[in-house]
Each structure stands twice: as C-alpha cells, then as structure tokens.
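S.K.: predicted model follows, preceded by the sequence.
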Amino acid sequence: MKIRFISDIHYTDPRLLSESQAKAHDFYVKFVLDQLFSKPADLYISMGDLINTGSELEIKNAYAWIAEHPEAAAKFHHLSGNHDLLLYDRSEWPDTYYKGNYFQSFAGFHILYLETSRIKNRANYGGYISAETISWVADTIEQTGDQPLLVFAHHPLKNTSRISWRKMMYVDEDCNLEAVLAKKKGTAFYVSAHNHCDSILHSGQWTYLQSACELEYPAIKNIEIDARQLSFYYEDLETPELSAARAEFITNIPDFSPFGSPAKGSILERQLYRKFSTK
Ligand SMILES: [Fe+2]
Ligand SMILES: [Fe+2]
C-alpha cells in the first residue's frame, strides 16, 4: 500500500495578506497540493492544519484546488488539525475528504486514523482524545495482535518527537494514550504533525515519525507498507521559485510562528526502512 501525505500547510485567507503576499502564498500552497496528487498512491492524507484561521474562504479555496485532481481526491483523507477547527466543527464543513476516526485492516498489517484536535479552541491547541475514543483505540489495538500497525494523528504523544515536551505540543497526558499504545504487541508506527519539524524516535515497539510544516519546508512524505516491510521516504519540493514565494509571505501569516531552526530534519529524521519479522 502506498500513502502520500503532507502536514501543516496552513493555507491562509488571502484577505489577511497583501496582494503580493496572497499571490505568493496561493502559488506555494497550490504547488504543494498539486505535487501531492501528482503521483499514484492508494491513499493521500493531509495530517492537519490544512488551513490556518479556519475561515470559509480557506476551506473553499483549499478544497477547490484538491478537487482539481478528482481521481486522487477520491482517495484523500483530511485529518483535522487544531487550526482546521478554529471556526467550524466538522459537521459544519463540506463533508468531502473527512472520515473521522477509523480503522482499516489489510493482509498482515493495519492502519488507524485518530482525531486529536480540540474544536473551536484558540487558547488550547494541545491534543485531546475523549474517553470513548480512547476505549475504541484500546479495543482496536488489541484486535491487531502482533501484526504491524500504523497510526496517523495530528498531535504527537508527549516526549516522542522534537519539541513534543513543550506545552500543548502533544496529546494531553490524562487522555491515557501512552498507556493504550504501550499495550501494542509487535511493530508499530505513530505518524504525527503539529510541531512543524521532522523527527524520528524509536521507543520500545513503537517508532514515532513527526512531519515538518509544508509552509516552512515543502516536501511530500511517502510511506509504503505491506505485511513484510515499511519504507518511509521524503520527496524534497524546494526550488528557488518556492523559496522566493515563501520569503514573500512567511512572516505575515497570522497566528503562525515559524519553527525556524530548521523544520527540515536530517536524513535520519526523514527516512526509514523497517523489515518486519515474520514467523
Ligand atoms: Fe500546524
Ligand atoms: Fe496543529
């Protein structure tokens, strides 16, 4: 199975930028979206914060650009980031591309999609999972036995990725996600975004992959997984044209502080190959 994904593109309402900033920003965001859908895959994901202030125009423009790729868009899943839900909850969005919490089993491996973002909460941008959802995650993980599991979520678990120890840069500890993940037998991967920088950390049976913000460094991330192996690799999109466009708008995006130092990880933080042990 081949998965292509992006994270934290923070598409911003053009009315909040100057004309030249908005032109450069629209060009940059549309370019990254076009690249996401430019190669075949079984699944395309936005890992959250597809939009920035949550406005209707942001939703409308971003979804219109995605809809220009109808074949790929039919396989697109928009996980919610905290910025996506600042003004509207998902029941108020167009119902395309959003699938909520769900689980898929394939021959010899499994994928779980987990919503972690608070709704209409500007003050608390940390991750939250309800007790009901956590109990579903626990039951689902148990069903996977010792077969490989891949989890996609906007927020990381605390202390599993770069800066995930900082305030609101992880799923609240009292949601008990850590205890639930600890019960997983066999190899598992947790893919997150939100913190705007690349990192990979191995801890016990889990490998934590965190993906940097597209607005700071443009890249398409790819995962190929089957019952025998997982391969994670990075498609660098940076060009002089994109870099110039970014310089035009990056310091003018509201409610957005560039990670800066730098978001793009080292080679060891953005590619991985793991062969699963087969009995
Ligand atoms: Fe973000
Ligand atoms: Fe976020």
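M.R.: Looks like it arrived, so ask away. Ligands and ions are numbered 1, 2, ... in the order given.
S.K.: can you show me the helices along this protein?
M.R.: For the chain, the helices identified by DSSP state H occupy 19-36, 56-67, 70-73, 131-143, 177-182, 240-249, in order along the chain.
S.K.: the second one vs helix 19-36, what angle?
M.R.: Spelled out, it's helix 56-67. Taking axes from the mean of the first three to the mean of the last three CA atoms, to 10 degrees, helix 56-67 and helix 19-36 form an angle of 40 degrees between their directions.
S.K.: which ones are touching the residue nearest to the spatial centre of the chain?
M.R.: For the chain, the residue sitting closest to the mean C-alpha position, by CA atoms, centre = their mean, is Met47 at 1.9 Å. With contacts defined as CB atoms under 8 Å, 6 or more residues apart in numbering, the neighbours of Met47 are Phe5, Ile6, Ser7, Asp8, Leu79, Gly81, Phe152, His154, Val191, Ser192, Ala193, Ser211. Every C-beta, even on glycine, is put in place using the N, C-alpha and C of the backbone.
S.K.: of the helices of the chain, which is nearest Phe276?
M.R.: For those, proximity to Phe276 was assessed by CB to CB; helix 131-143 is nearest, at 16.7 Å.
S.K.: what's next to the closest one, contact-wise?
M.R.: Outside of helix 131-143, the residues within contact range by CB under 8 Å, 6+ apart are 101, 103, 105, 110, 112, 114-115, 129, 149, 175-177, 180-181, 183-184.
S.K.: and of the residues you listed, the nearest to Phe249?
M.R.: Ranking the contacts of helix 131-143 by separation from Phe249, with CB to CB as the measure, puts Glu115 on top at 28.8 Å.
S.K.: tally of neighbours for that closest one?
M.R.: The number of residues packed around Glu115, counting by other CB atoms under 10 Å, is 24.
S.K.: same deal with the one 4 residues further on?
M.R.: Counted with other CB under 10 Å, the neighbours of Ile119 add up to 16.
S.K.: that one contacts Leu87, correct?
M.R.: No. Proximity of Ile119 to Leu87 does not meet the contact threshold set by CB atoms under 8 Å, at 10.0 Å.
S.K.: contacting residues around the residue in the stretch 101-250 of the chain that ligand 2 sits nearest to?
M.R.: Per CB to the ion, His194 is where the stretch 101-250 of the chain lies closest to ligand 2, at 3.8 Å. For His194, the set of contacting residues under the criterion of CB under 8 Å, 6+ apart consists of Ser7, Asp8, Gly48, Asp49, Gly81, Asn82, Gly127, His154, His155, Pro156, Met169.
S.K.: what does the protein put close to ligand 2?
M.R.: Counting by CB under 5 Å from the ion, the chain comes close to ligand 2 at Asp49, Gly81, Asn82, His194.
S.K.: who's in contact with Ile223?
M.R.: The neighbourhood of Ile223, defined by CB under 8 Å, 6+ apart, consists of Lys2, Ile3, Phe5, Leu150, Val191, Leu230, Ser231, Phe232.
S.K.: among those residues, who's most crowded?
M.R.: Within the contacts of Ile223, Val191 tops the neighbour count with 25 neighbours, counted by other CB under 10 Å.
S.K.: just to revisit the earlier point, which one of the contacts of helix 131-143 is nearest Asp13?
M.R.: Checking these against Asp13 by CB to CB gives Glu115 as the nearest, at 23.6 Å.
S.K.: sorry, back to before: among the residues of the chain next to ligand 2, which ones lie close to ligand 1?
M.R.: Intersecting the residues of the chain next to ligand 2 with the surroundings of ligand 1, defined as CB under 5 Å from the ion, gives Asp49.
S.K.: dump the residues of the chain next to ligand 2 to a markdown table, plus distance to Trp165.
M.R.: Rendered in a markdown table, the data for those read as follows (distance: CB to CB, whole Å):
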| residue | distance to Trp165 |
| --- | --- |
| Asp49 | 20 |
| Gly81 | 20 |
| Asn82 | 18 |
| His194 | 13 |
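S.K.: quick one: which of the contacts of helix 131-143 is nearest ligand 1?
M.R.: Closest approach to ligand 1 among the contacts of helix 131-143 (CB to the ion): Glu115, at 15.1 Å.
S.K.: for that closest one, give me its contacts.
M.R.: When contacts are counted by CB under 8 Å, 6+ apart, Glu115 is found next to Leu79, Ser80, Gly100, Asn101, Ile129, Thr133, Ala153, His154.
S.K.: repeat for Phe31
M.R.: Contacts were defined as CB under 8 Å, 6+ apart; by that measure Phe31 touches Pro218, Leu237, Leu242.
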